[in-house]
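Kindly generate the corresponding structure for this input.
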Amino acid sequence: MTTPTGDVILPPDADPWLGPVLSGLTACLCATLAAGGRPACACCLVWGNQPPAQDFCSCDCDGGHGQAWVRVVRQDPVVTERRRRQCQAWRMQTVIELGVARCVAVTAPDGQSAPTCDQRETDAWGLVLDARLLREAVACCDALTDVQVLPSAVTPMGPQGGCAGVTVQITVEA
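The predicted model follows:
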């Protein structure tokens with residue numbers, strides 16, 4: 001299946017406030033991972049009710065591997081007492097997830113050779129570094145300068161199918 005062709009939708013056209021936040025946060029994530037020595041083969045804004053399929057988990061590219069993403073988890077209205085008769089202005093809280101998934105050591109094809117402690121520790125320390133870089137991407141992102149940001153949990157993912165990762169969620173308010 002392919003995506004319909006047509007005009008490119010620019011972030012501010014999609015949403016004048018949230019669009020630049022999402023595109024800026026994606027750029028910050030990709031740049032922070034690369035500067036931290038952990039670039040990802042795919043690093044992009046995605047859509048879905050859960051982290052993306054780990055399609056790039058085993059990918060190796062230009063010194064990097066795995067995939068990173070930014071996605072909207074949910075949007076909740078901010079309830080205010082102010083009411084208007086015509087067009088309603090909604091303030092929203094948006095929960096945004098940043099994540100990264102990498103290949104991790106697995107049992108060998110013979111089904112007998114489990115990963116060594118050294119391999120598991122290497123994977124674990126790499127994901128601890130990824131967690132720090134995710135937090136840094138949020139903390140140092142110019143796109144969030146004038147935005148109220150409420151950090152949430154940093155959560156490990158997997159391992160499953162040779163992939164493991166980490167996510168962090170933030171809430172921003174417009």
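
how about the CA coordinates for the host helix or strand of Thr167, as CSV?
Per DSSP states H and E: Thr167 is located in strand 163-173. Provided in CSV are the C-alpha atoms of strand 163-173 (Å, rounded to 0.1, in the frame of the first residue of the first chain):
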residue,chain,number,x,y,z
CYS,A,163,14.7,-5.8,20.0
ALA,A,164,14.7,-3.7,23.1
GLY,A,165,14.2,-0.1,23.7
VAL,A,166,13.2,2.8,25.9
THR,A,167,10.5,5.4,25.8
VAL,A,168,9.9,8.7,27.7
GLN,A,169,6.6,10.6,27.7
ILE,A,170,6.1,14.3,28.2
THR,A,171,2.9,16.4,28.5
VAL,A,172,2.8,19.8,26.7
GLU,A,173,0.1,22.3,27.0
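
Tell me which strands that strand pairs with, and in which orientation.
strand 91-103 (antiparallel), strand 148-160 (antiparallel) (DSSP bridges).

hmm, which helix or strand of the chain has the shakiest average pLDDT?
strand 60-61 (a mean of 73; mean pLDDT, DSSP states H and E).

Dump stretch 11-27 to PDB, restricted to CA.
The C-alpha coordinates for stretch 11-27 follow below in PDB (Å, rounded to 0.1, in the frame of the first residue of the first chain):
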ATOM      1  CA  PRO A  11       3.800  21.100  10.400                       C
ATOM      2  CA  PRO A  12       2.300  24.600  11.000                       C
ATOM      3  CA  ASP A  13      -0.500  23.800   8.500                       C
ATOM      4  CA  ALA A  14      -1.400  20.600  10.300                       C
ATOM      5  CA  ASP A  15      -1.500  22.400  13.600                       C
ATOM      6  CA  PRO A  16      -0.100  25.900  14.100                       C
ATOM      7  CA  TRP A  17       1.000  25.200  17.700                       C
ATOM      8  CA  LEU A  18       1.600  21.400  17.900                       C
ATOM      9  CA  GLY A  19       3.100  21.000  14.400                       C
ATOM     10  CA  PRO A  20       6.300  23.000  15.100                       C
ATOM     11  CA  VAL A  21       6.600  21.300  18.600                       C
ATOM     12  CA  LEU A  22       6.400  17.800  17.100                       C
ATOM     13  CA  SER A  23       8.800  18.600  14.100                       C
ATOM     14  CA  GLY A  24      11.200  20.400  16.400                       C
ATOM     15  CA  LEU A  25      11.200  17.600  19.000                       C
ATOM     16  CA  THR A  26      11.800  15.100  16.200                       C
ATOM     17  CA  ALA A  27      14.800  17.100  15.000                       C
END
